[in-house]
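Need the 3D shape of this:
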Amino acid sequence: MTDVALAPYTSHGQDGILDAAGYVQNDRTVATLLKQVLSHAEAGADMVMVKPGMPYLDVVRRLKDELRVPTFAYQVSGEYAMHDHGWLDADAVMLESLTCFKRAGADGILTYFAKRAARLLDG
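Residues are numbered from 1 along each chain as shown. Take a look at the predicted model:
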């Protein structure tokens with residue numbers, strides 16, 4: 001398994017959504033990371049996981065398209081925390097955020113919302 005930890009490449013160096021700009025330093029950073037992940041995949045990785053997930057949906061899609069291995073996204077605690085502030089329909093926003101991961105190509109999503117989403121989807 002290859003874990004694409006992109007937090008060190010955020011402007012704040014942490015997982016989650018803390019500021020509005022500057023997540024990836026530049027496209028060369030992403031290109032370098034993709035080369036590293038490709039190297040791991042060629043060495044036999046069965047899957048890859050991208051975290052934090054939400055600001056890197058483009059990376060999820062590129063990895064899925066280029067590697068053709070199961071690709072997972074990790075919805076980190078900061079992404080989880082931003083959903084419940086009372087000014088939006090929390091369940092609708094949560095389901096939409098999980099749908100974004102799926103549309104980006106994630107085969108699986110690691111999320112703190114797992115039980116809540118399952119209850120809503122089972123419905």
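
The residue most central in space within the chain and R103: what is the separation?
For the chain, the residue nearest the mean C-alpha position is G53 (1.5 Å; CA atoms, centre = their mean). To R103, G53 is 12 Å away according to CB to CB, to the nearest Å. Just so you know, the C-beta spots here come from the backbone N, C-alpha and C atoms, and that holds for glycine as well.

and the closest residue in space to the residue nearest to the centre of the chain that isn't next to it in sequence, what does it touch?
With CB to CB, 6 or more residues apart in numbering as the criterion, G53 has its nearest non-adjacent residue at 3.5 Å, and that residue is A73. Counting by CB atoms under 8 Å, 6 or more residues apart in numbering, A73 touches 49-51, 53, 56-57, 60, 101, 104, 106, 108-110.

what's Y74 sitting at in phi/psi?
phi -110, psi 120 (degrees, to the nearest 10).

give me the number of residues near it?
23 (other CB atoms under 10 Å).

which one is it nearest to, not counting chain neighbours?
Nearest non-adjacent residue to Y74, counting by CB to CB, 6+ apart: K51, 3.5 Å away.

What's the first helix or strand after the worst-scoring helix or strand of the chain on mean pLDDT?
When the helices and strands of the chain are compared on mean pLDDT, DSSP states H and E, strand 2-5 comes out lowest with a mean of 61. Once strand 2-5 ends, the next helix or strand along the chain (criterion: DSSP states H and E) is helix 27-42.
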